[in-house]
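Q: Need coordinates for the below:
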Amino acid sequence: MGATEQLVTVGAVILGALTTHLTNSLAERGRKQHQLMTRWDDKKLDAYVTYVDRIRASLFLAVELYELREGLRESERTEEEIKSEMSEAGRLRGRAFERIMLLAGDEVIEAAHDLNAITLEVDWQATGKTSGTLQQWRDRHRAVFRAINTFHDAARADLGVSGTVTGEQHPERDLLLPPTQTGNGHH
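A: Residues are numbered from 1 along each chain as shown. The predicted structure follows:
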């Protein structure tokens, strides 16, 4: 083997080693980026689920208080006990909202702001800070559930999940209400 052939062979070995190193480095870099994105997606999903859970917990307490105050339900707890629990639920909802602000994309943040605002309207009517009729109460609840669906859609898009929870494939659902009560003055 001549000197030229040896140089070509050494050059080919060096080129092969550099190509292998570059390919391995790019693959490792891509793997690390994928792991980082997956880790953030996991944290986002947890934040989104927790936020909706906190919204729903607050809503259930507001319903209990409103129905107690309006004479639609009896409760073993007093208004003050429920209000205290609502206060704690509101604090936890606020913490969950802060996680959304730190992790979410713009559309999710805007959907969370809208959801938070309408949930507060429900809280305020339940506690008597604002007044309203039973129909306004129900309209606020419908608005909360529409806002939850909007939040779900934004969160799904942010996480790269295909499809939506609203639209033609999923028509808007109304509140599930018990049959109209008679004899007690409430409808």
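Q: What's the first helix or strand after the helix or strand of the chain with the lowest mean pLDDT?
A: Among the helices and strands of the chain, helix 3-69 carries the lowest confidence by mean pLDDT, DSSP states H and E, at a mean of 81. Downstream of helix 3-69, the first helix or strand assigned by DSSP states H and E is helix 79-103.
Q: Quick one: list the elements packing against that following helix.
A: helix 3-69, helix 106-127 (3 or more C-beta pairs under 8 Å, 6 or more residues apart in numbering; DSSP states H and E). In this view, the C-beta of every residue, glycine as well, is placed from N, C-alpha and C.
Q: Let me know the angle separating the first helix or strand past the last one going along the chain from helix 106-127.
A: What it means is helix 106-127. For helix 106-127, the succeeding helix or strand toward the C-terminus, using DSSP H and E, is helix 134-159. Orientation check (axes from the mean of the first three to the mean of the last three C-alpha atoms, to 10 degrees): helix 134-159 against helix 106-127 gives 160 degrees.
Q: Report the angle between helix 134-159 and helix 3-69.
A: Orientation of helix 134-159 against helix 3-69 (the same axes, to 10 degrees) gives an angle of 170 degrees.
Q: Give me the mean pLDDT for helix 134-159.
A: The average pLDDT for helix 134-159 rounds to 94.
Q: what helices or strands is that helix leaning on?
A: helix 3-69, helix 106-127.
Q: For the residue most central in space within the chain, give me its contacts.
A: In the chain, the centroid-proximal residue (C-alpha atoms, centre = their mean) is residue 48; its distance is 2.9 Å. By C-beta atoms under 8 Å, 6 or more residues apart in numbering, residue 48 lies in contact with 100, 104, 108, 151, 155, 159.
Q: Kindly report the same for residue 148.
A: Shown in contact with residue 148 (C-beta under 8 Å, 6+ apart): 52, 55-56, 115.
Q: tell me the two of the residues you listed that are most distant?
A: By the measure C-beta to C-beta, 56 and 115 form the most distant pair in the contacts of residue 148, at 10.8 Å.
Q: neighbour count winner among the two?
A: With neighbours defined as other C-beta atoms under 10 Å, residue 56 and residue 115 compare such that residue 115 has more, 27 against 16.
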